[in-house]
Each structure stands twice: as structure tokens, then as C-alpha cells.
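**Q** Fold the following for me, if possible:
(chains A and B)
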Amino acid sequence: MIYEGKQKIWADYQKEIPDDHYFYVRSCIRQSFFPASEATFLDITRNRLGKDIFETEHHTTCGGIAYHSDTIPQETVMTIIARQFALMAKNGYENYVCSCITSFGLYCETMETWREFPELEAKIRENLWKTCKLDFAKPKFLIHASDLVYKYRNLIAKQAVHKLVNVHTGQPLRVVEHIGCHYSKMFPSKGVGGAEYPYVLVGMIEAWGGEIVDYPERRHCCGFGFRQYFIKGNRGYSISNTHKKFESMEPFHPDFIITNCPGCPYFMDRWQYVIAESTGKTYGKDGHGIPVLTYEEVAGLVMGYDPWDLGLQTHQVGVEPLLDKMGIEYDPEKKYLGKGGKDIGQPEPCICMK
Amino acid sequence: MVDFGFGLVPSSRINLDLFDKQKYEELASVEPDVRKCMSCGSCTAVCTAGNFVTTSLREAIESIHNGQPGKALEMLGSCQLCGKCAMVCPRGINTRHLILSINKIYGKI
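**A** Residues are numbered from 1 along each chain as shown, chains lettered A, B, ... in the order given. So this is what the prediction gives:
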């Protein structure tokens, strides 16, 4: 093997990620699925790492859900996106970071379409002025929030309170990483490691002391697939996708799953419950499921945040076995208490899954 | 167990190693036209039996290629040999003869 040659090839799979000064946009569905993840991202980057991450209450959805469900035309979506970019420029930023993988894929698609069809870009420029009276702008760097956490992974590791290590055995935790399809499968050059070797989550896990699990269906879709889930008659296909992944990873006994997409953690988490309650099958040890976490939640656990402040009680699969392995102290009594000790209610107990 | 109104769908995975090349060559020697099929589905579109039961010559030929001859025989079991498919086939395949040959070779009639 010629080492320099390999280095040169790997360099083609890298992505330039600026160190600081970002305009941040949130995700519609992550805020309802795992509401503390985005707050954790902002707290870590701003308060723990001292970075300049700006967000405005004026930004909206990217229109991705409607676009992928074929309910609005592409030009409408592009105008919405142009408005987001214009807000970034208006606030004096040129680096754009988004929380959602669907949005990230759509932004990449839109930028590529504008590059390919300049006349369409001119039309959107006109639409933006007519509808919002805003000047058209494009970001210099388009980044996903997981790219940024990947960039800061070593800084986070320096402040680590807990490592991804089983404190009882001293062995690294076995982690399944799952990349959102729209992160790098659509535009491989826009993701760290491309579509062949996505490294964004692997880099985090390795930096924080964990061990990556390789399994046959590693790059299989989580099963969300928009219309496969939205239409109830098609949900069998959605859950079957997830089932295929879990059957494939089960023999490797992963301790948890890390994801960087809004849909993936939701479906891999909730479908474990549905599979358990409809077939009796569970994939974790002793009737438990395999916890599925977002990268912000994992970063938060590593940096010593309280699990319930990270919103881990909103996951269907209980995270307590993982917390015990990592040696993280938690108060079970406070699991379902929100801010100011307010009772946020408890889900009905599961029949088959602990 | 809880009924959610949906559930796991059976796997559609196929194993191409199960394709019986020897039998297929036997079929092709009797009925060379089998190689002409381009899976356009015209035969299935006009199939009288296909309106009531799962009869599809297109799918039967696909099943043979996918190493599922049992499924192919099941598909053709309710064929009435009316010949409408032969009339619409753009490749001019003698579909009735082909169906009989598939039944003879794969069904060991």
C-alpha cells in the first residue's frame, strides 16, 4: 500500500468546515421529536466552546417535508430556501449550519439546481424580492450541525466527563452509527467521507472512546422514507426496513445507536417498540431495546449533562442500561419532571419491552 | 400482542443461486421464444383469468429467472389457454405453447 496515495484519495472525501461564525437554522420535526437536542447543540457550541452561532426567530421550515411528499412545487421550496439564505446575509453571516438532514439535502439540491440552471436562480431571485423584499444571497459554506460537532469532537473530548466506555468492564462501548440518507447519499461530496465512507459520526465515536460496529445492513435506510410512513397503509414497508436493520445488527450486541438525522432516531426508536409489542421481539439485553441517540445527546452525555436535561426521557427505548454502563448518575424520580419540577406525564408501560 | 393496523411485510429477497440453468435451457430448446420476452406486461394486461386470480405470464417468466419456479407454476395454474396474450404480444411469442411447456418442464406433468 502506498500511504501517500491513500492519503491523497482520502483527501478527496474531506469537506471544508469553517471553525466559527455560523447562522443556525432549526429543524421542524426534531423540535418535537427530541426537543432538547438543538438546545444542547447551542449550549455546547456557544457556552462550552465559545463559538459564535447565531439564530433568528424569523426563519421558517425549509419546506422539505412538503417537497418530499409531493405537495408543493420545487420553485416554492426554492423561494423559501432563498428567504432563509437572505436572512443569513441580512444578519451578516456567510456560513450556514442546519440542524436537519432533510433540509441539508434540500439545500444541496437547490444550490446544485441553481448552478445547473442559472435562469431558474434568476427567477427565484425575482420571487424573493416580490414576496419578501429581501436581497438574494447564497452561503459560502453549507454545513450540517453534525459536521460542526465532528469538527469540534476533540475539543469536546478534552472537556469529557464520561467516556464511551463500560465502567464495569473497561471495554469501549459498541456503537452503531447511522447516517441519514440525505446527508451524503444524494451529494456525496457534501458529506465528510462521502457516500462510501461516511466518517462524521465515526469520528465522534472514536474521539470519545467508543468502538464502531460494522454490520451487513449498515448503510440501509432507517425506514422513514416520508410517504412510506405518512400513509398508514404503507407503514408495513417502513417498519420492515427498520426490522431488517435490527435483525442485521443484533448479533453484534451494540450498546447504543448514534444518528445525525431527525427521522432516523425517531423511527429506529419507536419502531423497536412497535416490533416488540406486535411480535414480542426485543433487540437489547434482558428484554430491553437498543437506545437510539442523537449526536448532540451523546455529546451532552460525554460532557456531563444531566440525562433528563438532555431529554432522554422522550425516547421510547429506556436509556438507563446505557447510563449504568457509562457510570452516569441519574435520579429515576426526576425522569418525568420538566423544568421547575413540573410533571410532564408518563407513557403507558410497554407489554413486551422493558 | 398489540395490533397497530400494520405490520412487517414478508421479505422480497430473492436468491439467484436457486436459478436452475439446466431446466431453463431445456425450456429454451423447446420454446426459444422465452428469451424474447421483454416483460412489457401486455399479456398480463389482457389476461381474462388475471382479472379474478393472480395469473401473470410476465411475472411467471420473471419468477423462473428469480429461481422461484413454484411461484411460476402457481401463477399459471389458473390459465384457461384462451390465447388473448398471444394476440397482443409485441414479440410474437406463442404464449399458449410457452405456458404448456413451462408446466411440462417445471411441473413434471
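**Q** Quick check, central residue of chain B?
**A** For chain B, the residue nearest the mean C-alpha position is residue B:60 (1.0 Å; C-alpha atoms, centre = their mean).
**Q** list the contacts for it?
**A** Taking C-beta atoms under 8 Å, 6 or more residues apart in numbering or on different chains as the criterion, residue B:60 is in contact with B:71, B:72, B:73, B:75, B:76, B:99, B:102. (C-beta placed from N, C-alpha, C; glycine too.)
**Q** now do residue A:289
**A** Contacts of residue A:289 (C-beta under 8 Å, 6+ apart): A:269, A:272, A:273, A:276, A:282, A:283, A:316, A:317, A:318, A:353.
**Q** Columns distance to residue A:342 and secondary structure on top of those, output as TSV?
**A** Conversion of those to TSV gives the following (distance: C-beta to C-beta, whole Å; DSSP: H, G, I helix; E, B strand; the rest coil):
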residue	distance to residue A:342	secondary structure
A:269	24	helix
A:272	28	helix
A:273	25	helix
A:276	30	helix
A:282	31	coil
A:283	33	coil
A:316	21	coil
A:317	24	coil
A:318	22	coil
A:353	27	coil
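**Q** Most neighbours of all those, which one?
**A** residue A:272 (29 neighbours; other C-beta atoms under 10 Å in any protein chain shown).
**Q** Give me the lowest-pLDDT entry from the contacts of residue A:289.
**A** Among those, residue A:353 carries the weakest pLDDT, at 85.
**Q** That residue - nearest residue in space that isn't next to it in sequence?
**A** With sequence-adjacent residues excluded and distances taken as C-beta to C-beta, 6 or more residues apart in numbering or on different chains, residue A:353 is closest to residue A:276, at 3.9 Å.
**Q** Next one: that neighbour relative to residue B:42, how far apart?
**A** Plainly put, residue A:276 is 46 Å away from residue B:42 if you go by C-beta to C-beta, to the nearest Å.
**Q** what's the answer for residue A:216, then?
**A** Residue A:216 is 39 Å from residue B:42, by C-beta to C-beta.
**Q** quick one: which of those two has more around it?
**A** Between residue A:216 and residue B:42, counting by other C-beta under 10 Å, residue B:42 is the more crowded of the two (19 against 13).
**Q** Nearest to chain B within the stretch 1-150 of chain A, name that residue for me.
**A** Nearest to chain B, among the residues of the stretch 1-150 of chain A, is residue A:69, at 18.3 Å (C-beta to the nearest C-beta).
**Q** what sits against that residue?
**A** By C-beta under 8 Å, 6+ apart, the residues touching residue A:69 are A:226, A:227, A:230.
**Q** residues near the second one, how many?
**A** Neighbouring residues of residue A:227 were enumerated by other C-beta under 10 Å; the total is 13.
**Q** do the one 4 residues further on as well
**A** A count of neighbours around residue A:231, defined by other C-beta under 10 Å, yields 12.
**Q** Could you pull up the contacting residues of it?
**A** Applying C-beta under 8 Å, 6+ apart to residue A:231 gives no contacts.
**Q** gap between it and residue A:237?
**A** Noted for residue A:231: a distance of 10 Å to residue A:237, by C-beta to C-beta.
**Q** quick one: which of the contacts of residue A:289 is nearest residue B:65?
**A** Among these, residue A:283 lies closest to residue B:65 (C-beta to C-beta), at 35.1 Å.
**Q** isn't that closest one right up against residue A:290?
**A** Yes. Using C-beta atoms under 8 Å, residue A:283 makes contact with residue A:290 at a distance of 5.1 Å.
**Q** any shared contact partners between these two?
**A** Shared contacts of residue A:283 and residue A:290, defined by C-beta under 8 Å, 6+ apart, are found at A:246, A:249, A:272.
**Q** Spatially nearest residue to the last one (excluding sequence neighbours)?
**A** Read it as residue A:272. Spatial nearest neighbour of residue A:272, chain neighbours left out: residue A:289 (4.3 Å); criterion: C-beta to C-beta, 6+ apart.
**Q** how close does the one you found sit to chain B?
**A** 15 Å (C-beta to the nearest C-beta, to the nearest Å).
**Q** Roughly how far does that residue sit from residue A:229?
**A** Counting by C-beta to C-beta - residue A:289 and residue A:229 are separated by 19 Å.
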